[in-house]
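> kindly generate the corresponding structure for this input.
(4 chains)
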2 protein chains.
Amino acid sequence: MPSASVSPEIKSDVDQVLETIIYLYTESRRITKELARRADLTGPQLTVVKILEQIGDLSLSELSERIRAQNSTVTGIIDRMEREGLVVRERSKEDRRVVYIRLTPKGRKLAEEIPVEPMEIFRNALQCLSANETRELLKILGKVARHVREAVRAEGAASARGG
Amino acid sequence: MPSASVSPEIKSDVDQVLETIIYLYTESRRITKELARRADLTGPQLTVVKILEQIGDLSLSELSERIRAQNSTVTGIIDRMEREGLVVRERSKEDRRVVYIRLTPKGRKLAEEIPVEPMEIFRNALQCLSANETRELLKILGKVARHVREAVRAEGAASARGG
DNA sequence: GAGAAATATTTCGCACGCTAAATAATGCCG
DNA sequence: CGGCATTATTTAGCGTGCGAAATATTTCTC
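Sure thing, here's the model as predicted:
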């Protein structure tokens, strides 16, 4: 997890914002992992179980998209979950390239036993803000994200020219 | 990277904030990785090289703390960097338990060739905000972080009682 | 000053997470 | 119909990332 805060002593507001975002993100992962551990799952496995519980069967690609990971990554996660008897793979009848991932009864039972959604603590913390604050936060963060997106595009163009 | 946005259709402000934070974080990692790739480095390796360039020699523990990773993780990163001749390990004379990590000339040269700090794009985007917006952002994010910390403490206490 | 507790690093085993290449099945176009 | 690009998934190889145990060294304590 690279974060590279090079001079931790005198921190500008900007660096503090960075720091806080990194804290919030890593903490949310840590929480997911901790919740998962209680059910003998890993973080990503808990995420998968909860998604399948709420949405139903998904193809591997759909699942990958949901959890923002590559297909090859999810293949591995599903391999291990299948080994543990939490899910099964089922080839689609319509398109035999597609594999659906389905919770087994064991997987479903386990999902039900974990009432808290992975991001719950994080979400609760955000709900402690007033509606105004939330809107303001969203507005400002949105602006930052927009600038990052632009910079990324510019960066991409520069390197395409040979950066 | 578990993110579990279960219903992507109707998103509340809260979920959008979450989404944006995740976007900003993952994007900042992607950018580090892309910058690194141009110098035949990995993301964490670039981070290490830049930290050592700016701060000087660090013990493995100090380095771990900087990049917010476990010692065992950093041991691996340094192993590979040493193999590539970018850094050397040197045992401390005062405390022979301690290992200092030092850039080789090759490593230093490489660091100098990468002028952009890993988080530069991200930092620039934040600097596009007005001073007021930055303060406001910091204030609100700080509040969120405080609530998360409290929730985490409460959570910890609950599980200690047998959660 | 010897044994115990503490500290710094490494080793081990496992689970992501990525890219590139391989495999399998579908659709398209002449 | 036959080949060919496209799409879905898996395989292979590598680099993190973590926790627990092992190792080496220092410090503390009696």
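> give me the contact status of the helix or strand bottoming out on mean pLDDT in chain A with chain B.
Within chain A, judged by mean pLDDT, DSSP states H and E, the helix or strand with the poorest mean is helix A:120-127; its value is a mean of 75. Yes. Using CB under 8 Å from any CB of the partner chain, helix A:120-127 comes into contact with chain B via A:121-127. Any C-beta I mention is one placed from the backbone N, CA and C, and that applies to glycine too.
> what sits closest to the residue most central in space within chain A if chain neighbours are left out?
Centroid-nearest residue in chain A, with CA atoms, centre = their mean: residue A:67, separated by 5.2 Å. Leaving aside its sequence neighbours, residue A:67 sits nearest to residue A:47 (CB to CB, 6 or more residues apart in numbering or on different chains; 5.6 Å).
> so the one you found sits against residue A:33, correct?
No. Here residue A:47 lies out of contact with residue A:33, judged by CB atoms under 8 Å, at a distance of 10.3 Å.
> more neighbours: which of these two?
residue A:47 (26 against 16; other CB atoms under 10 Å in any protein chain shown).
> need the residues of helix A:120-127 next to chain B in TSV (columns: distance to residue B:87 and neighbour count).
As requested, the residues of helix A:120-127 next to chain B are exported to TSV (distance: CB to CB, whole Å; neighbours: other CB atoms under 10 Å in any protein chain shown):
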residue	distance to residue B:87	neighbour count
A:121	38	23
A:122	36	24
A:123	41	16
A:124	43	14
A:125	39	23
A:126	41	26
A:127	46	14
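> next helix or strand past the least confident helix or strand of chain A?
helix A:131-160 (DSSP states H and E).
> quick check: angle from that following helix to helix B:120-127?
140 degrees (axes from the mean of the first three to the mean of the last three CA atoms, to 10 degrees).
> ok, helix A:131-160 near DNA strand C or not?
No. Helix A:131-160 does not reach DNA strand C (CB under 7 Å from any atom of the strand); its nearest approach is 13.7 Å.
> now that helix: average pLDDT?
The pLDDT scores in helix A:131-160 average 78.
> can you show me the strands along chain A?
A:58-59, A:87-91, A:99-103 (DSSP state E).
> go through these and name the closest to residue A:24.
When these are compared by CB to CB, strand A:58-59 sits nearest residue A:24, at 27.7 Å.
> against which helices or strands is the closest one packed?
Here strand A:58-59 touches strand A:99-103, going by 3 or more CB pairs under 8 Å, 6 or more residues apart in numbering or on different chains; DSSP states H and E.
> what angle sits between the strand it packs on and strand A:87-91?
150 degrees.
> now do strand A:99-103: which elements does it pack against?
By 3+ CB pairs under 8 Å, 6+ apart, strand A:99-103 packs against helix A:43-55, strand A:58-59, helix A:60-66, strand A:87-91.
> quick one: is that strand near DNA strand D?
Yes. For strand A:99-103 and DNA strand D, the contact criterion (CB under 7 Å from any atom of the strand) is met by A:99-100.
> repeat for stretch A:55-66
Yes. Counting by CB under 7 Å from any atom of the strand, DNA strand D is contacted by stretch A:55-66 at A:59-62.
> same check on stretch A:69-83?
Yes. Contact of stretch A:69-83 with DNA strand D (CB under 7 Å from any atom of the strand) involves A:71-72, A:75-76, A:78-79.
> just to revisit the earlier point, redo the helices and strands packed on strand A:99-103 as CSV? Include mean pLDDT.
Shown next, in CSV, are those (pLDDT from 0 to 100):
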stretch, mean pLDDT
helix A:43-55, 95
strand A:58-59, 98
helix A:60-66, 97
strand A:87-91, 98
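> out of these, deepest packed?
Stretch with highest mean neighbour count among these: helix A:43-55 (a mean of 21; mean count of other CB atoms under 10 Å in any protein chain shown).
> between strand A:99-103 and it, find me the angle.
90 degrees.
> from the middle of its chain, how far away would helix A:43-55 be?
Averaged C-alpha coordinates place helix A:43-55 at 11 Å from its chain's average position (CA atoms, centre = their mean, to the nearest Å).
> okay, it in CSV with CA atoms only?
These are the backbone C-alpha positions of helix A:43-55, laid out as CSV (Å, rounded to 0.1, in the frame of the first residue of the first chain):
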residue,chain,number,x,y,z
GLY,A,43,-12.3,-10.0,2.9
PRO,A,44,-13.1,-10.6,-0.8
GLN,A,45,-14.9,-13.9,0.1
LEU,A,46,-17.2,-12.1,2.4
THR,A,47,-17.9,-9.5,-0.3
VAL,A,48,-18.7,-12.2,-2.8
VAL,A,49,-21.0,-14.0,-0.4
LYS,A,50,-22.9,-10.9,0.4
ILE,A,51,-23.3,-9.8,-3.2
LEU,A,52,-24.5,-13.2,-4.3
GLU,A,53,-26.9,-13.3,-1.3
GLN,A,54,-28.5,-10.0,-2.3
ILE,A,55,-28.4,-10.2,-6.1
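> many thanks, have a good one.
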